[in-house]
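> Give me the fold of what follows.
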Amino acid sequence: MMKKRTTRTMVTAGFMAASIAVTACMAGCSVQEAGDTEKQEQAQAQVQETESADTSAELEDVTVILDYVANTNHTGMYVALEKGYYEEEGLNVSIIEPTQGATATLIAVGKGDFGISYQEDVTIALTSDEPLPIKAIAAIIQHNTSGFAVYADKDIHSPKDFEGKTYAGWGGPGEDAVLNAVMTQDGGDFSKLNMVISDGSGFEALKDKADIMWFFEAWDNVKCELNDFPIEYMPVRDLDQRLDYYTPVIIANTDTLTANPQMVRRFLAATTKGYEYAIAHPEESAEILHTYAPDYSLEMLTMSQKYLSGKYSEDASRWGEMQKAVWDNYTDFMVEYGVIDQAIEADDCYTNEFLP
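Next up is the predicted model:
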């Protein structure tokens, strides 16, 4: 809903009064000239401030809920925010980190207009006993840039070597399926893998607390490189082509897509512009992100951004575009390994129609 203009009449009246006082001063009240001129300047400043407030009041409020803390997956949105691309589209965008519950659920119940999620979560949410009213509207990265990492000094070189080892993860519904698949396909026995929940200690846990962890190339791998921590890395997309799914994606409530399609188009137009800028200017984009994520070093963000800038639109004709085959392949995988009970049509999960 658009906000309404307010307060212009009162400020305009104040400006007119100041103008009358200045006119009287010019007729002969030279003693009060400086004071009246100051009043005029103050009144003019009030008008300018009010006009600025009115411009802001015309913007449509939009809330984006992230999947995690701000990082280089989200750079394009922060660029769009910082450079005014959202304002140019008539939007007042707030980007917030999730504080309660999963992002998909928060979007489904109307706590935000857009959210950052994953193909896996969208598919699970839509095939549950109580499907969530959500849909993916853009892929932030075209290929799955995650995989399994092990400490380089350990004798682990393939999924078969995971037998008898300890995997520390986050307990997601698809972890078992992926590990089962890649180990089985490599001739290993998934039942011999010890799975625990990560204690959050980071990559150093690979030395003595765990043997295998799921890493994200643009984040965890960069941290290891900066800390001279040697790892051996196995991209999941190389272990099974069906695992090259979209992660992350931007989602919206289906009611939003139906009731306010033009707002969705304007949001994606500005967001696309932001990611295109990040692709062309990774170093400057990292600096922009750093103002919103100061807890991370600029060096780390820059390294991560240089890597991801080449991945956002890789092998795609435009940023954000998704393909039916990618959705179908991963859905088939999830059915085969029991993550979901039945397949779902790709068209029910995603759409490209709102992309510029």
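
> The spatially most central residue of the chain: what secondary structure?
Centroid-nearest residue in the chain: H74, 3.9 Å away (criterion: C-alpha atoms, centre = their mean). Three-state call for H74 (DSSP: H, G, I helix; E, B strand; the rest coil): helix.

> Could you report the distance from it to S317?
Separation of H74 from S317 (C-beta to C-beta, to the nearest Å): 23 Å. Backbone N, C-alpha and C define where each C-beta goes, glycine included.

> Could you double-check that the residue nearest to the centre of the chain sits in contact with I116?
Yes: with contact defined as C-beta atoms under 8 Å, H74 reaches I116; the gap is 6.9 Å.

> Mind pulling the model confidence for the residue nearest to the centre of the chain?
Looking at H74, its pLDDT reads 98.

> could you measure it against P294, distance?
15 Å.

> does M303 sit in a helix or strand, and which one?
helix 298-309 (DSSP states H and E).

> If you count contacts, what does that helix end up packed against?
Packing partners of helix 298-309 (3 or more C-beta pairs under 8 Å, 6 or more residues apart in numbering; DSSP states H and E): helix 222-226, helix 261-280, helix 282-292.

> Tabulate the ones you listed in a markdown table, adding columns for mean neighbour count.
Output for these, formatted as a markdown table (neighbours: other C-beta atoms under 10 Å):
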| stretch | mean neighbour count |
| --- | --- |
| helix 222-226 | 18 |
| helix 261-280 | 21 |
| helix 282-292 | 19 |
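
> In JSON lines: those helices, plus distance to A80 and mean pLDDT.
Converted to JSON lines, the helices and strands packed on helix 298-309 look like this (distance: least, C-beta to C-beta, whole Å; pLDDT from 0 to 100):
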{"stretch": "helix 222-226", "distance to A80": "23", "mean pLDDT": "97"}
{"stretch": "helix 261-280", "distance to A80": "3", "mean pLDDT": "98"}
{"stretch": "helix 282-292", "distance to A80": "10", "mean pLDDT": "98"}
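
> would you turn those into CSV with distance to F215?
Below are the helices and strands packed on helix 298-309 laid out as CSV (distance: least, C-beta to C-beta, whole Å):
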stretch, distance to F215
helix 222-226, 8
helix 261-280, 22
helix 282-292, 20
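
> which one of the ones you listed lies closest to D161?
With C-beta to C-beta as the measure, helix 222-226 is the member of those nearest D161 (19.4 Å).

> Please enumerate residues in contact with the closest one?
Outside helix 222-226, the residues that touch it by C-beta atoms under 8 Å, 6 or more residues apart in numbering are A149, G202, F203, F229, P230, I231, S297, E299, M300, M303, S304, Y307.

> where's the second one, which helix or strand?
In other words, G202. Using DSSP H and E, G202 maps to neither a helix nor a strand.

> Would you enumerate the residues in contact with it?
K223.

> roughly how far apart are it and A102?
According to C-beta to C-beta, G202 stands 23 Å off from A102.

> Ok, the third one next?
As defined by C-beta to C-beta, F203 lies at a distance of 25 Å from A102.

> Let me see the contact set for the closest residue to V249 other than its chain neighbours.
Residue nearest to V249 in three dimensions, not counting chain neighbours: A136, with 4.2 Å by C-beta to C-beta, 6 or more residues apart in numbering. Contacts for A136 were tallied using C-beta under 8 Å, 6+ apart; they are S117, Q119, V122, Y246, V249, I250, I251, M322, C349, Y350, T351.

> what's the closest of those residues to G110?
I251 (13.0 Å).

> Y86 versus the closest one, what's the distance?
According to C-beta to C-beta, I251 and Y86 sit 18 Å apart.

> Tell me which of the two has more neighbours.
Using other C-beta atoms under 10 Å as the criterion, I251 and Y86 rank with I251 on top: 30 against 27.

> which strands and helices sit next to the helix or strand containing that one?
Using DSSP H and E, I251 sits within strand 249-253. For strand 249-253, the elements it packs on are helix 103-108, strand 114-117, helix 119-126, strand 134-139, helix 261-280, judged by 3+ C-beta pairs under 8 Å, 6+ apart.

> which SS state does A177 fall under?
Three-state secondary structure (criterion: three-state DSSP) places A177 in helix.

> Helices of the stretch 1-150 of the chain, start to end?
With DSSP state H, counting those that start in this stretch as the criterion, the stretch 1-150 of the chain has helices at 8-26, 33-57, 75-82, 85-88, 103-108, 119-126.
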